[in-house]
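Student: What shape does this take:
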Amino acid sequence: MTDRTLLPRDVAKLSVQMPLVHDYESEWADVVAANKAILELNHHGKGPVHINLETNYSKIYSTQPLPEIRSIKRYCSSDKLPSLGNYSKIAIMVGAHTKWSKELTRAVDAFCETHNAIALCDHCSNYNGKYRVLANILTQQYYSNSVIKTADFVIHIGEISASNYNINMNSVSQIAEKQESIVSLTAEIASITANIDTLKADLKEKKSALRKVEKEVTTLEAKKAKVDDRAAEEAKKAEAESVVKRLLASRMSADEILEKLK
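Tutor: This is a model prediction of the structure:
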């Protein structure tokens with residue numbers, strides 16, 4: 001059996017796994033995976049993608065017509081965006097968000113004013129503009145028939161929200177042009193950090209070994225100095241004894257020998 005769980009290098013820009021569909025959740029996951037692969041064909045340059053498709057299909061090909069599948073489109077800042085003229089109820093759903101700049105707050109306020117929209121928020125959204133609505137206070141009430149429980153078009157900004165807004169949305173657009181770059185950079189930073197930690201531990205170990213070697217070298221140098229001093233003393237003593245023996249052999253008196261040694 002061919003193992004397709006690992007993609008060979010330089011074969012495709014992206015590889016996705018599409019398991020068999022058993023329920024709504026698995027169908028939703030496969031639709032997202034298929035759209036992700038198709039979008040990657042022209043993302044940051046053209047290139048092939050790989051879809052590992054599990055199937056238990058028959059060869060009868062009797063299914064007609066094929067089911068309609070949700071299409072996901074990507075728009076970048078330089079693209080021409082679709083018109084919102086056909087939507088009457090527009091909302092911005094703000095997930096967990098960092099501190100807002102004044103420019104972003106003014107941009108959202110201007111959009112809401114122009115398109116008669118609201119900003120659906122919770123306490124993690126950090127948006128405090130004029131069109132802020134704490135939506136889950138209204139939408140979570142079972143007997144409430146608030147008009148914000150349905151929306152024709154919703155724009156999602158920020159991260160994942162812990163709140164369940166319980167709103168029926170006909171169409172959703174997520175502003176996340178830099179999200180993949182953020183995820184990639186975060187993973188790269190984590191890898192670099194782990195590598196730095198490993199190098200730090202290795203450096204600490206090598207420094208400890210170096211200190212041990214330096215200590216041993218210092219001890220050996222001290223021993224060598226003692227041996228050299230002892231050898232020098234022995235050499236001087238041997239030289240003195242040799243001189244005395246030569247002088248005695250020449251039949252010199254003790255006073256003459258002392259005079260020579262001076």
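Student: so where is the protein shaky, pLDDT-wise?
Tutor: Where the chain drops to pLDDT under 70, the residues are 1-6, 9, 176-184, 251-254, 257-258, 260-262.
Student: Just want the most central residue of it.
Tutor: Ala187 (1.8 Å; CA atoms, centre = their mean).
Student: helix or strand for that residue, which one?
Tutor: helix 179-249 (DSSP states H and E).
Student: In a helix, Ile72, correct?
Tutor: No. According to DSSP: H, G, I helix; E, B strand; the rest coil, Ile72 belongs to no helix; its state is coil.
Student: what's the closest non-adjacent residue to it?
Tutor: Asn35 (3.9 Å; CB to CB, 6 or more residues apart in numbering). C-betas here are computed from N, CA, C, even on glycine.
Student: can you check His97 too?
Tutor: Gly158 (3.9 Å).
Student: I'd guessed the one you found sits against Ile92; true?
Tutor: No. The pair Gly158 / Ile92 is not scored as a contact, 9.6 Å apart, by CB atoms under 8 Å.
Student: out of those two, which sits in the busier spot?
Tutor: Comparing Gly158 with Ile92 by other CB atoms under 10 Å, the one with more neighbours is Ile92, at 27 against 21.
Student: For the more buried one, give its distance to Ala249.
Tutor: 116 Å (CB to CB, to the nearest Å).
Student: mind giving me the domain split of the protein?
Tutor: What automatic domain parsing lists as the domains of the chain is 9-55, 85-176.
Student: any chance of those domains in JSON lines, with distance to Asp79 too?
Tutor: Below are the domains of the chain laid out as JSON lines (distance: least, CB to CB, whole Å):
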{"stretch": "domain 9-55", "distance to Asp79": "12"}
{"stretch": "domain 85-176", "distance to Asp79": "12"}
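Student: Quick check: which of those is buried the most?
Tutor: Of all the domains of the chain, domain 85-176 has the most neighbours on average by mean count of other CB atoms under 10 Å, namely a mean of 16.
Student: need the helices for the chain, in chain order.
Tutor: For the chain, helices defined by DSSP state H occupy the ranges 24-40, 102-115, 135-139, 179-249, 254-261.
Student: Can you redo those as a markdown table, where the extra columns are distance to Ser173?
Tutor: Below are those laid out as a markdown table (distance: least, CB to CB, whole Å):
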| stretch | distance to Ser173 |
| --- | --- |
| helix 24-40 | 14 |
| helix 102-115 | 12 |
| helix 135-139 | 18 |
| helix 179-249 | 13 |
| helix 254-261 | 108 |
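Student: mind checking which of those helices is nearest Pro82?
Tutor: Nearest of these to Pro82, taken as CB to CB: helix 102-115 at 13.3 Å.
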